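In: The following comprises the amino acid sequence and a computationally predicted model.
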Amino acid sequence: MKKVYLFLADGFQETEAIAVVTICRRTTIDIKTVSVTGDLVVKSASGVSVIADVLFESCDFSDADMLVMPGGMPGATTLRDCEKLDAVVRNHFSNGKALAAICAAPIVYGSKGLLKGVHVTAYPGFENELIGATYTGNPVEVDGQFITSKGPGTSLLFGFAIVEYLLGKETVEQVKQNMMWM
């Protein structure tokens, strides 16, 4: 079973987080939402309170196949600046494991120089923090160990890309069919 952790900080974009969780939970992927705030209740950028599955401190993340960062402000900058998360991201990256981010959240990887030589997308205006990356502006980019997506309107595509990356095209096609995807 594939294991995914999706990180939440106050000011996250709820569509980008919940769409990914919903899509992954329609498969065998074990996805957990992780609060980096020290509180299980995390408030989105538009004021929606969500109860995370676990607190950051209760996980070791060694079993993670993928780490996912939703965008939203100031959630993405909080994730970018979170020292405890930085260590987890760098370890995951150095082990060649998958990293995903949507909207503003590619800055979590890009500001650390992890996206050098990688084709990425993000919400327009954050390109300057994607150090060494090739910004495409496409709805979704999958390049090596990275999956990036542009914003709330691409959340389902982002979730589908995560499922395809981890479980293959057949599984994502079944999820799309079950969700009545166009």
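Out: Sure thing, it's come through. Numbers count the residues shown, from 1 in each chain.

In: Please enumerate the helices of the chain.
Out: 14-24, 75-81, 83-94, 107-110, 155-167, 169-178 (DSSP state H).

In: List the buried residues of the third one.
Out: Of the residues in helix 83-94, those buried under the neighbour-count criterion (16 or more other CB atoms under 10 Å) are Leu85, Val88, Val89, His92, Phe93. No exception for glycine: its C-beta is placed from N, CA and C like everyone else's.

In: Would you convert those into a markdown table that also reports pLDDT and distance to Lys169?
Out: Compiled in a markdown table, the buried residues of helix 83-94 are given as follows (pLDDT from 0 to 100; distance: CB to CB, whole Å):
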| residue | pLDDT | distance to Lys169 |
| --- | --- | --- |
| Leu85 | 98 | 31 |
| Val88 | 98 | 29 |
| Val89 | 98 | 28 |
| His92 | 97 | 24 |
| Phe93 | 98 | 25 |
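
In: and of those, the nearest to Leu67?
Out: Closest approach to Leu67 among those (CB to CB): His92, at 5.5 Å.

In: any idea of the pLDDT on the closest residue to Gly113 other than its chain neighbours?
Out: The shortest distance from Gly113 to any non-neighbouring residue, by CB to CB, 6 or more residues apart in numbering, is to Ile131 (4.9 Å). The score at Ile131 is 96. That number is its pLDDT.

In: neighbours around Ile131, how many?
Out: Counted with other CB atoms under 10 Å, residues neighbouring Ile131 total 14.

In: Kindly report the same for Val42.
Out: For Val42, using other CB under 10 Å, the count is 24.

In: Surely Asn178 and Arg26 touch.
Out: Yes. Contact criterion CB atoms under 8 Å: Asn178 and Arg26 qualify, at 6.3 Å.

In: In terms of neighbours, single out the busier of the two.
Out: Per other CB under 10 Å, whichever of Asn178 and Arg26 has more neighbours is Arg26, with 17 against 10.

In: I'd like to check which residues are in contact with Ile162.
Out: Contacts of Ile162 were listed using CB atoms under 8 Å, 6 or more residues apart in numbering, and they are Val4, Val20, Ile23, Cys24, Ile29, Met66, Val68, Ala100, Ile147.

In: For the residue nearest to the spatial centre of the chain, list each beta-bridge partner.
Out: Most central in the chain under CA atoms, centre = their mean is Val68, positioned 2.5 Å from the mean C-alpha point. With DSSP bridges applied, Val68 shows beta-bridge pairing to Leu6, Ala100.
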